[in-house]
Each structure stands twice: as structure tokens, then as C-alpha cells.
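Trainee: sharing a model prediction with you, sequence too.
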Amino acid sequence: MSSNLYLRDPQETELGRKILEVSIEMIDELGFEKFTFRKLAAKIESAEPSIYRYFENKHRLLVYLIAWYWNWLEYRIDFSTQNIAKPEKQLKIAIDVLTQKKEKDLLFPSIDEAALYRIVIAESDKTYLTKQVDDDNKEGLFLGFKSLCKKIAGYVRLVNPKYEFPHALVSTLMQMAHQQLFFSDHLPSLTEIGTTNENVYDMNRRFLTDMVFKTIDN
């Protein structure tokens, strides 16, 4: 995690971990627009200025949470592929990790990964569709996303070294893994995901696996 994401590392104190835990709960429940530090302070029974000691504003907190999510996914992909030699299998595992329904990870008790997953689906585009995106990028706020993209693009290169657009394909894959679920819930005419009795996560995985491998096989 880039130190530019926060003013004080929230993982190092009980209050910081509480800020992360409850902010995930509240953003998941209220949505990012209605979430405020004032509401968060009331919920955790703390003074609002104490939250500003950790994060400059609520946008920076959201960027932190989304960055944490991408780092967590990279950790899970590393763990799941550590004894796998074939790049085709590594790529399929990476797609599986991206698309599977997320559950609470007991290794990280202050983070509800299931709720954070819903936040990523609904809110992640807001972290970079901003006027200050170039400055944020220079500060390294999107390193988690870029690192995971580079890792999976490496698998694509190993499967087909001649494929011209591995990073473009993988960044699209990472966004689509969440957007298709959002469309399924809210804009169903934009997708076939969720239109049958098949589990939406399985259907999403099947679609994206098919898309990636047919694309790089051409």
C-alpha cells in the first residue's frame, strides 16, 4: 500500500482499523455519495477530526479501500498459482479469482471483503474518473490496480507471446469482471449475465474466460 494513500497508516492503530471496518459497512449500506466523515465519526463514537488524521478526505479513503482490494486479489492469485507451471492454468485461475463471489477472509479481521467487493462493483470507477486523476497517478495511488494488471498480462504474454494488447485486454477484463455484475443488477438490458438460472458468478466467469482465451488465440 502506497504511503500516499493515507496521512497515518490505519492498519497500525485500533482506531484506524475501526475506521476501515465501519467505513466499509457504511459505504456498502449508504453509497459513497451519502457517506460522510461526520456520519462515520458518530458511528464509531469518535471526533470527526480524528478521522482526518488518517485520511485527507472521503475520496482518499475510497481510493485506499479499492487499492486494498486489488492488493488482496493479487495476494490470492499469487497463493493460488504458486505451484502451477502452465500459464494457461495460471490465467484461468486469475480469472476465477477475479470473478468468484467474495467471502470474508479471516486473515484480515478489520476488512469485510464481501462488503468491499460490493463497493468495488458499485463505486470503483469513482476513484479515477476525476479531474485530479493525473496527480493521483503520479502519487502512486493506483499501484495496486496496475500491479495486478501487469501480473495477469504476464500470463497472457506467456500463453501467446505474439498477442499485441495484453495490458489493454487485462485492464478491460478487470473492469468487466465487476461491471457485468453491476449491469446484471441495475441495467440488465446491457448484459446476458443473470438472464438464466445459472449462478451469475459462474456465468460471468464463463463469459470472461471465453472472451480472453478466444481473443488471445486469434
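Mentor: Perfect, I can see it now. Residues are numbered from 1 along each chain as shown.
Trainee: could you check the pLDDT of Ser189?
Mentor: Ser189 carries a pLDDT value of 96.
Trainee: could you do Phe182 as well?
Mentor: For Phe182, the pLDDT comes out at 95.
Trainee: equivalent analysis for Ser110, please.
Mentor: With respect to pLDDT, Ser110 has a value of 87.
Trainee: tally of neighbours for it?
Mentor: Neighbours of Ser110 under the rule other Cβ atoms under 10 Å: 15. (C-beta placed from N, C-alpha, C; glycine too.)
Trainee: kindly report the same for Leu107.
Mentor: 9.
Trainee: could you do the one 4 residues further on as well?
Mentor: Neighbour count of Ile111, defined by other Cβ under 10 Å: 20.
Trainee: quick check: it vs Lys18, distance?
Mentor: 12 Å (Cβ to Cβ, to the nearest Å).
Trainee: kindly report the same for Tyr155.
Mentor: According to Cβ to Cβ, Tyr155 stands 37 Å off from Lys18.
Trainee: tell me which of the two has more neighbours.
Mentor: More crowded of Tyr155 and Lys18, by other Cβ under 10 Å: Tyr155, with 24 against 17.
Trainee: is it true that that one touches Ile95?
Mentor: No. Contact status for Tyr155 versus Ile95: not in contact, 9.5 Å apart, counting by Cβ atoms under 8 Å.
Trainee: contacts only, for Leu5.
Mentor: 60, 63-64, 67, 141 (Cβ atoms under 8 Å, 6 or more residues apart in numbering).
Trainee: can you select the buried ones among the residues you listed for me in ChimeraX?
Mentor: Here is the ChimeraX command that selects the buried residues among the contacts of Leu5 (16 or more other Cβ atoms under 10 Å):
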select :60,63,64,67,141
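Trainee: next up, the contacts around Arg118.
Mentor: With Cβ under 8 Å, 6+ apart, Arg118 has these contacts: Asp28.
Trainee: okay, and it sits in which element?
Mentor: helix 113-123 (DSSP states H and E).
Trainee: show the average pLDDT along that helix.
Mentor: For helix 113-123, mean pLDDT rounds to 96.
Trainee: only C-alpha atoms, please: export the one helix or strand Leu20 maps to in CSV.
Mentor: Following DSSP H and E, one finds Leu20 within helix 14-30. What follows is helix 14-30, C-alpha atoms only, in CSV (Å, rounded to 0.1, in the frame of the first residue of the first chain):
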residue,chain,number,x,y,z
GLU,A,14,-7.2,0.3,16.8
LEU,A,15,-9.0,3.5,15.8
GLY,A,16,-7.6,3.2,12.2
ARG,A,17,-8.8,-0.3,11.8
LYS,A,18,-12.2,0.7,13.2
ILE,A,19,-12.3,3.5,10.6
LEU,A,20,-11.7,0.9,7.8
GLU,A,21,-14.2,-1.6,9.2
VAL,A,22,-17.1,0.8,9.8
SER,A,23,-16.5,2.9,6.6
ILE,A,24,-16.8,-0.3,4.5
GLU,A,25,-20.0,-1.1,6.3
MET,A,26,-21.4,2.4,5.8
ILE,A,27,-20.4,2.9,2.2
ASP,A,28,-21.9,-0.5,1.4
GLU,A,29,-25.1,0.5,3.1
LEU,A,30,-25.4,4.2,2.2
